[in-house]
Structure formats: C-alpha cells, structure tokens
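Asks: need a 3D model of the following:
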Amino acid sequence: MTRLTAAKPGRSPANRSLERGIALLLAFRPGSTLLGNLELAERTGLPRATVTRLAQTLVGAGLLQADPRSRAYRLAPAVLSLAHAMRAGSSLLAVAAPLMRAAAQTHRINVGLAAPDGDEMVYLESIRYNPRPSLRSVVSGQRVPMELTSLGRACLAGVGDTRRAELLAHLRITRKAQWRQLGAAVRQSIDDVHSKGWCAASWQPEVVAVATPLQFQGADYALNMSVTTAAGPDAEAERLALLLLQLKRELEVALALSAAL
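Replies: Predicted structure coming up:
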C-alpha cells in the first residue's frame, strides 16, 4: 500500500516520528510474518537507521516482537487487541453486521463493508454465503486495491471532489503504465455511482461485484455484494444492484434510528 495522507483535523502539525512508526506497522501483511530492517526499509522508504530506531521503540511499546534467530520482527499480540477494540466499539458494525448477514443468508450471496486507507480498501466485515467456491477468501482486515474493485470505485465516487482529485492524481502516477485503460474504467464507475447509485467490477475470474458508497458520522465507507457465477455478468450485476440498494436503504434507516436513541 502507498500511504496517501488525508486532511488532518485541527491545526497542529503532524508528528513525523509517529507517522513513520505507523508506516512500519502497516508494512506487515499476510504472508509477511517476519520482516527485518532491510525489508522494512524497502517497504516504507525509510533509512535503515531510522527503521532500526523505530522498530526498537515499537518493541518497547509492545507492538512488535523481536525474533533473535532471524534478527527480524513480527507483530505483537497487542496489535490484535487494538483491532478487536475497534470492531467491538464500532457503532456502524453493530448496526450493519446483522443486516448484512440476513441479506447474505437470504439471497446466498457475499456481502462486504469496507473503508478507505490510502489507496486501498480495508474490509471491516465480510459475510460469505455464495455457495460457489471463489479463488480467494475475504476476511475482516483484508485489503484490496481501490482502483480495481467495486468497493474502491464506489468509495471514490462518494468522497468529496477535492479528495477524489487527490486520489485519482495519485493513482494516475502509481498506475502510470495501465492508467489509460484503467482510468477510463474508474471514471465510468464513478459516473455510474452518480447516475445509478452503484457500480460494478469483475477483477477476479467469474466474480461479479457491485458496490455503493456509504457515509456515517462524517467518514466514508463502501458496501458491496458479490457472487461467483458463470452467468452473464451484466444481468447478475443488475440483480445484485437491486438487493444492494435495498440493503443500503435499510442500513441508513437503522443507523438513523440508532443515532436517535
């Protein structure tokens, strides 16, 4: 993931050391259990001396564990407790998860909710009920590319004009070789959301996914539905879109009622 800083609340300047320490933690991904100073430096773009100092600080804070044999680091259990605290304290998930699960069970589909982080989307919840197997499993905390997925494109359509322009400019640079074709698809998805309320994308074989933006307490999210199917993607997308927009309406009503209590 490439970090793309969003507008910061308040007037205080950013703490550069804190930002760099967070970048070290975010360098760990599934399949990257142990990372040494060199790998961390390559993934974050930070000098090795800075990485060494920050990693030692994070070990002392209980967020990283040092592995003496490999002279590398792994995430510490405290990181998992932070994730659990976030999920347990999310008023959005408390309202959304039961509605998402009911829709997934009733229609035998997959339903997901994600939030933007940099140029990626992070799944907050993923409920899988489509009976056909998929080439990938999706779980909470998993990241997907913003520009390739229905979730990411719906989120791009839902954010403010200034933020959207920043994200598109960033993606134009990072996806330079593919941007002529990819950028046209992204812009079409944004137009679809603005005109129809949803967009579709099929970036995995035989997977049809539709998504719509969602705002809650001033933050941007995206809600999606997907199925693995050999049927025509256009007809399947239209069917899913009707279910998706219905779920969004139900969720918005439930969130408004919850906020009023």
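
Asks: just the CA coordinates of stretch 247-261, formatted as CSV?
Replies: Once non-C-alpha atoms are left out, stretch 247-261 reads as follows in CSV (Å, rounded to 0.1, in the frame of the first residue of the first chain):
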residue,chain,number,x,y,z
LEU,A,247,-29.8,-3.1,1.9
LYS,A,248,-28.3,0.4,1.9
ARG,A,249,-31.7,2.0,2.5
GLU,A,250,-32.4,-0.4,5.4
LEU,A,251,-29.0,0.3,6.8
GLU,A,252,-29.3,4.1,6.6
VAL,A,253,-32.7,3.9,8.3
ALA,A,254,-31.3,1.6,11.1
LEU,A,255,-28.3,3.9,11.6
ALA,A,256,-30.5,7.0,11.9
LEU,A,257,-32.7,5.2,14.4
SER,A,258,-29.7,4.0,16.4
ALA,A,259,-28.3,7.6,16.5
ALA,A,260,-31.6,8.9,17.7
LEU,A,261,-31.7,6.6,20.8
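
Asks: helices and strands around the longest helix belonging to the chain, which ones?
Replies: For the chain, the longest helix by residue count, based on DSSP state H, is helix 233-260. When contacts are defined as 3 or more CB pairs under 8 Å, 6 or more residues apart in numbering; DSSP states H and E, helix 233-260 packs onto helix 91-107, strand 199-201, strand 207-216, strand 219-228. For the C-beta atoms, the positions are set from N, CA and C on the backbone; glycine is no exception.

Asks: pLDDT weak spots in the stretch 51-200 of the chain?
Replies: 132-136 (pLDDT under 70).

Asks: which stretches of it form helices?
Replies: 77-88, 91-107, 150-158, 161-174, 179-196 (DSSP state H, counting those that start in this stretch).

Asks: can you list the ones you listed in a markdown table and add distance to residue 127 and mean neighbour count?
Replies: Listed next are these as a markdown table, based on distance: least, CB to CB, whole Å; neighbours: other CB atoms under 10 Å:
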| stretch | distance to residue 127 | mean neighbour count |
| --- | --- | --- |
| helix 77-88 | 14 | 12 |
| helix 91-107 | 4 | 17 |
| helix 150-158 | 14 | 28 |
| helix 161-174 | 27 | 14 |
| helix 179-196 | 22 | 15 |
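
Asks: thanks a lot, catch you later.
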